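J.: Coordinates only, no sequence provided:
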Ligand SMILES: [Zn+2]
């Protein structure tokens, strides 16, 4: 699906949606969370950490996820990846600036009553990869299409900015490792714009996302 790009007002409105989406755009995940204890799968991220540095969730936040508002994933069922931008122009690449940004996204999602940050992984302009929500839980990043869908966000607004080379390399490598791990087929890498009414991940990033589908795994 494509979104009409000629209407500037519409672009002005839509470009912020990924970052500032009202709760109505997402499934309200806590409504669906099981009241009974869930079987939460174990996740082993060595398929990533053996190959590249990954800043773990506890390294950037002390705020614990709320499992009562999360839905346990079926690890064998992940079959697609969706790429996003935060929609907030990002200039700093120091760890402090990046952690401030991650905190902002997490707190925004908690205000929407998500059980945790919506994305599974976040990539900054320096090419660092940060763990978000555990893969043990379905994400909250595409309205109505979060099951089986791994969410990766690049920090920045790629309607206005261009992704950096280290950031694109990190994205490419992470997507490749995730695809290999979960046997995600060619054609199953999406930009948010393919699945919903948004300009996310932005016109300067979307072509790179499409290219990931051609990548050999
Ligand atoms: Zn998005």
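T.: Here it is on my side, so go on. Nothing here was measured: the structure is a model prediction, and the numbers come from that model.
J.: Now do the strands in the chain.
T.: In order along the chain, the chain carries the following strands (DSSP state E): 80-85, 121-123, 129-131, 149-154, 189-191.
J.: so which of those comes closest to the ion?
T.: Judged by Cβ to the ion, the one of those that comes nearest to the ion is strand 80-85, at 3.3 Å. For every residue, glycine as well, the C-beta is placed using N, CA and C.
J.: What pLDDT is listed against residue 17?
T.: At residue 17, the pLDDT value in this model is 49.
J.: one step back: mind putting the strands of the chain in TSV, distance to residue 215 and mean neighbour count included?
T.: Putting the strands of the chain into TSV (distance: least, Cβ to Cβ, whole Å; neighbours: other Cβ atoms under 10 Å) gives the following:
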stretch	distance to residue 215	mean neighbour count
strand 80-85	11	26
strand 121-123	16	26
strand 129-131	17	22
strand 149-154	14	26
strand 189-191	8	24
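J.: per-residue confidence averaged over stretch 156-173?
T.: For stretch 156-173, the mean pLDDT works out to 97.
J.: So that stretch, near the ion or not?
T.: No. Against the ion, stretch 156-173 shows no contacts by Cβ under 5 Å from the ion, the least distance being 10.5 Å.
J.: quick one: contacts of that stretch?
T.: Defining contact as Cβ atoms under 8 Å, 6 or more residues apart in numbering, one finds that stretch 156-173 is touched by 11, 15, 51-52, 83, 85-90, 123-129, 152, 154, 199, 201-206, 208, 212, 215.
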